[in-house]
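Novice: build me a model:
(3 chains)
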Amino acid sequence: MSLKIKALTKSIWVFHASAGSCNNCDIEILDLLTPRHDVERFGIQLIGSVRHADALLVTGAMNRKSVPRLKKIYEQAPKPCLVIAVGQCALSQHMFRDSYNVLEPLDKILPVDLYIPGCPPKPEAMIDGIIKLITKLRKSEKK
Amino acid sequence: MNIKTMMQEHLGATITAWQEVNPRRVYFSVKKEDILKTVRFLFRELGLRFSIASGVDTPQAIEILYHFCDDVAGTVYSVRVLIEDKKSPEIDAITPLFPGAEWIEREMWEMLGIKFIGHPNLKRLLLAEDWPEEKYPLRNAP
Amino acid sequence: MSHRVIVPIGPYHPSLEEPEFFRLYVEGEKVVDLDIVIGYNHRGIEKLAEAKHYDQVAYLVERICGICSSSHPYAYVLAVEDLLGGELAVVPERALYIRTIIDELQRIHSHLLWLGLAGHFIGYNTVWMWAWKYREPVLDCFEMITGNRNNYAMFKIGGVRRDLKDEDIPVLKKAMDELTPVLGMFKGAVMDDPVIQMRLKKVGVLTKEQAIDWCVVGPTARASGVNIDIRRDEPYGALTLGKIDWNVIMEKDGDIFAKTVLRILEMYECISIIRQCLERIPKGEIDSNVKDIPPGEGIGRVEAPRGECIHYIKSDGTNRPVRHKIRAPSFMNVASNKVACVGGTISDAAITLAAVDPCYCCTERLAVIERPTSKKIMNGWDLIKLSQEKTERLKKELHK
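Specialist: Below you'll find the model as predicted:
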C-alpha cells in the first residue's frame, strides 16, 4: 500500500467519469491540461483507461442511467483508487436532488476521498484540492 | 399572399381557433384527426421549419403544441391539439412526414404516455431501461 | 427534460465495456448504420422547473449545458418576456446591450472550444492547445463582468443582474483587439493547410434536403445552405435596435470543412458585434423590476452557438410555471448524424459526429460493431486514434 501511495502522490493519473453533468465541470477539468494551468508539469495526467487510474474524478448529479456505469468503472479501477467528487452536483446533487431521475448522492455510492465544491470549481480550486489530498496522504503514511 | 392568409384559406374550417398573441406568435387549434393534413401543409407547401413540439397534461385533456417557424418573417406558428382521452391518448405520428420529428415524439410518448400511431421507432429515448412502465413523469396526479 | 446533448461518461477517454451512446455498424471500412442512445444526462429539469418560482428557474436552466451557459437562461427569460409583451417593451436599453455582449462572448468561447476539440480529433493537438489558450482571455472577460468563468447568473426577467462597469469597457475592447490576429492565425492554419482540406472536405456531408428534413439548426444548417439565424430572423437584445451591422455567415457544401470555416468566420462577426455594442451602450437602468407574471403562454428563441434554442412557458398567474418546455439545439442536430455518418469510413466517424458540435463528450462514447458478425471491434478511443492516424497518412502522402 505504501509503495502505491508513494507512486500515487508523485504522479497522479486521473480518469474522468461523468454521471449526468452539465459539462461545465468536465470542461474545467480539461482546462487543467491547457497551457494556462498545465497540470502535466506536476505529473497529473488525464488517461484513457480506468485500469491505469490512480484517481477517479467524478462529476454529475448521479443520473439513473449513468450510475450503473459509474459503479462498473470504479470496480475496474485498480485499488486503492482515490475518488474525487468535483463540483456541486457530485457533492450534494445541487438543485437536482428532488428530480425523479437522479439517485443517491455520490458519497452513498462510492467512498469519496476529496470534495471540490463549486459550480463549476475553478481549475485553481481543483489543483488546490488535489494538493491537499496528496499532502494528507503523505502525512498519514508517515504516521 | 402572406403566410397567415394562405394558412387560413387553405386550412379553412380545419382551424377551430386562431389567436395572434403578437405579430410573431400565432397559436391555432386543429382537431387531432387533422394533424397530419395540417403538418403536411405547413411543412411541405409552406416550407415552415419544425422547431419542436411540447406536450402538457391539463385537467381537461392532454394538449400538444407543434411549433413551426417561418424563418423569413421570424414568426412561430404553434398548432394546438387536444387529446381528450387521458386514459389511452393516441394521435397520428408526424415522423413519417419528416425524420426530424422522431426524437420528440419518442420523448412525448415516454413522458406523457401518448401513443403515436405510425411512428417507426417508438421506444425509450431519455429514461432508463429500468424505469417502470406506465409511469409517465410529466403526468400530473389526478 | 434537460439538456439534449448527452454527455455520458468521460471526456475523450471512454471506458471499455460500456453501453454505447453512438453505435456504428460497419461492413469493412464503411459505416452502414448508426444507433444513437441518449439519456445519460437527463435530470428531469422540465419537471423541476414546475416546482420552482420564476427567479429560481433562471438559475436552474443555466445548468442545462455548461458551454451554452447563457443561451438557455436567455431563451427562458425571453419566453417570459414574450408573455409580458416582448423584450423591447420590458427591458431597458442598457440591459439589451449587456445581454448581447454576454451572448456574443459566449459564442466566441464556444467556437474556440469546438475548434480545439476538432483539432484534437484529427490529430492537430497544437490547434487544441492554442484554441483553448486563447479561450482563457474570453473567460477572464466573463469573470470580470459576471464574477464567474462559466455560469454567469446574468439574466433575469426584465433585465440583467449586474451592470457593466465603465472601467470594464476598455478591458473588453483590448481583449477583442488581441483576439483578432489570433483568429487570423486560425483562419490561415485551417483554410490554407492542404492536409486539413483533404481531411475535412467532402467528409460528413449533410445535403440541404437532409438538413431541412432533419430540421437541423445553427452552423450545421448554415453550412448546408439553409439560411437560418435567429439573430436575423427574430432579433433579440441589442440587435433589435437596428444599429448594429453584422453578417450571417453561410456556406453551401455541408461538409465538415464548411462547418469549420463557418465557425471561424462567425467569430469575426461576434467581435464586430461586441465592439459596436461597446461603442453604443447608453447609460441607464439595467432592470425593470418585473413582479408578477400574468397567465398566458410565451416562446423565447435565441441563437446559441449550436443553433436555435427554444423555450416555451405556460403560466397560470401564480409564481411558478405550469409547463416549461426546453429544446436545446443539439436535440435536432445530433439526430441528423444518422445520415451524415452513414456512407463514410470509420476513420472519419469521430470528426463527423463532433462536427455538429455536441457537448464534447458525446463523441467519445462510440462503439463500432462489425456486420454481419455483430462483433464489437473498437471503441471511441480507438476511433479517435484512427482519425488521427488518417491525418498522419495524408500528411506523408502529401510530402512525397
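Novice: report the contact partners of whichever residue of chain A sits closest to chain C.
Specialist: Nearest to chain C in chain A, going by C-beta to the nearest C-beta, is A:Asn24, at a distance of 2.9 Å. Glycine gets a C-beta too; all of them are placed from N, C-alpha and C. Residues near A:Asn24 by C-beta atoms under 8 Å, 6 or more residues apart in numbering or on different chains: A:87, A:119-120, C:63, C:66-67, C:69, C:150-151.
Novice: next: C:Ala340.
Specialist: C:204-206, C:210, C:352, C:355-356.
Novice: pLDDT below threshold where in the chain?
Specialist: Looking at chain A here, since you left the chain open. The model of chain A has pLDDT under 70 over residues A:1-2, A:4, A:143.
Novice: let's do chain C instead
Specialist: Within chain C, the stretches with pLDDT under 70 are C:1-20, C:359-380.
Novice: please go through it and pick out the longest helix.
Specialist: Longest helix in chain C, counting residues (DSSP state H): helix C:93-121.
Novice: then chain A?
Specialist: helix A:123-142.
Novice: how far away is the closest residue in space to C:Tyr74 that isn't next to it in sequence from chain B?
Specialist: In this structure, C:Tyr74 finds its nearest non-sequential neighbour in C:Val302, 4.9 Å apart by C-beta to C-beta, 6 or more residues apart in numbering or on different chains. Distance, C:Val302 to chain B, using C-beta to the nearest C-beta, to the nearest Å: 13 Å.
Novice: can you check C:His324 too?
Specialist: C:His324 sits 9 Å away from chain B, going by C-beta to the nearest C-beta.
Novice: which residues touch that residue?
Specialist: The contact partners of C:His324, taken as C-beta under 8 Å, 6+ apart, are C:46, C:49-50, C:57, C:76, C:311-314.
Novice: cool, B:Val21 as well?
Specialist: Residues in contact with B:Val21 (C-beta under 8 Å, 6+ apart) are B:27, C:82, C:296-297.
Novice: give me the number of residues near residue 136?
Specialist: Looking at chain A here, since you left the chain open. A:Lys136: 13 surrounding residues under other C-beta atoms under 10 Å in any protein chain shown.
Novice: nope, chain B
Specialist: By other C-beta under 10 Å, the residues close to B:Tyr136 number 16.
Novice: repeat for C:Gln210
Specialist: 18.
Novice: contact partners of the lowest-mean-pLDDT helix or strand in chain B?
Specialist: Across the helices and strands of chain B, mean pLDDT, DSSP states H and E gives its lowest value to helix B:3-11, namely a mean of 89. For helix B:3-11, contacts defined as C-beta under 8 Å, 6+ apart pick out B:1, B:15, B:18, B:20, B:26, B:28, B:30, B:38, B:41-42, B:45-46, B:48, B:70, B:73, B:75, B:77.
Novice: kindly report the same for stretch C:256-268.
Specialist: With contact meaning C-beta under 8 Å, 6+ apart, stretch C:256-268 is reached by C:107-108, C:111-112, C:114-115, C:118, C:179-180, C:183, C:186-187, C:190-191, C:196-197, C:200-201, C:203-204, C:219-220, C:222-224, C:249-252, C:351-352, C:355-357.
Novice: which among the residues you listed end up buried?
Specialist: Among these, those classed as buried by neighbour count (16 or more other C-beta atoms under 10 Å in any protein chain shown) are C:107-108, C:111-112, C:114-115, C:118, C:179, C:183, C:186, C:190, C:196, C:200, C:203-204, C:219-220, C:222-224, C:249-251, C:351-352, C:355-357.
Novice: mind checking which of those residues are in helices?
Specialist: Those of the buried ones among the contacts of stretch C:256-268 mapping onto helices are C:107-108, C:111-112, C:114-115, C:118, C:179, C:183, C:186, C:190, C:196, C:200, C:219-220, C:222, C:351-352, C:355, per DSSP H.
Novice: which residues of chain B lie near chain A?
Specialist: Counting by C-beta under 8 Å from any C-beta of the partner chain, the residues of chain B lying close to chain A are B:127-128, B:130-131, B:137.
Novice: let's see the ChimeraX selection covering just the buried ones among the contacts of A:Asn24.
Specialist: To isolate the buried subset of the contacts of A:Asn24 in ChimeraX, counting by 16+ other C-beta under 10 Å, use the following:
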select /A:87,119,120 /C:63,66,67,69,150,151
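Novice: list just the nearest of the contacts of A:Asn24 to B:Glu63.
Specialist: C:Arg63 (27.9 Å; C-beta to C-beta).
Novice: quick check: nearest residue in space to the closest one, chain neighbours excluded?
Specialist: Of all residues not flanking C:Arg63 in the chain, A:Cys22 sits nearest, at 4.7 Å (C-beta to C-beta, 6+ apart).
Novice: the one you found: neighbour count?
Specialist: Count around A:Cys22 with other C-beta under 10 Å applied: 35.
Novice: list the contacts of it.
Specialist: By C-beta under 8 Å, 6+ apart, A:Cys22 lies in contact with A:89, C:3, C:41, C:63-66.
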